[in-house]
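1. Turn this into a structure:
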Amino acid sequence: MNTARELPLESGPTAVTHAQVADRAGVGRATVYRHWPQAEPLLALDDVRAVSTTLANTALWDETIDARRAQFAGILADRLAAALDDAQARGEITLALPSRNAAAMAIGPMYYRSTIEHAPTDSTLIEAVVAALGTWSTER
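-> Numbers count the residues shown, from 1 in each chain. Sure, this is the predicted structure:
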């Protein structure tokens, strides 16, 4: 569990994989898979959300923590913006706004719902956020 808290702070949410968690925790992948068959729940854990919220709040008063917050936010936004840029380059989407802003627009409502409201992020919200990012192509 501690590993699932540490990895996103150090390397962003994409670092939370079964292999990374197992390696960092010093256990076999089978152990991680047994507890979390899918990687996504590792990121959805209340503890991970609490750590990221605490990091953001503490950053208001602590320059060292603010640097870690900025690193975490930068990694998250950069990776999502890059994925959106790649999707646009493949013709899968025409973004309605710059990719970095689209990344913030995607992250914001889901963070708000899961953290501030402490409610599940349902498919209706996710679909609305995805639709608001731009025009998606259904032809491939």
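2. contacting residues for residue 137?
-> The contact partners of residue 137, by C-beta atoms under 8 Å, 6 or more residues apart in numbering, come to 91, 92, 93, 94. All C-beta atoms are positioned from the backbone trio N, CA, C, and that covers glycine.
3. quick one: which of the residues you listed has the most company?
-> residue 93 (20 neighbours; other C-beta atoms under 10 Å).
4. so what's that one up against?
-> By C-beta under 8 Å, 6+ apart, the contact set of residue 93 is 84, 87, 133, 134, 135, 136, 137.
5. Give me the mean pLDDT for whatever helix or strand residue 68 lives in.
-> Using DSSP states H and E, residue 68 maps to helix 63-89. Mean pLDDT, helix 63-89: 86.
6. The helix or strand that that helix is followed by: partners in the sheet, and parallel or antiparallel?
-> Next in sequence after helix 63-89, counting helices and strands by DSSP H and E, comes strand 93-95. Here strand 93-95 has these sheet partners by DSSP bridges: strand 134-136 (antiparallel).
7. what's in contact with the partner strand?
-> Everything outside strand 134-136 that qualifies as a contact, by C-beta under 8 Å, 6+ apart, is 88, 92, 93, 94, 95, 96, 97, 102, 130.
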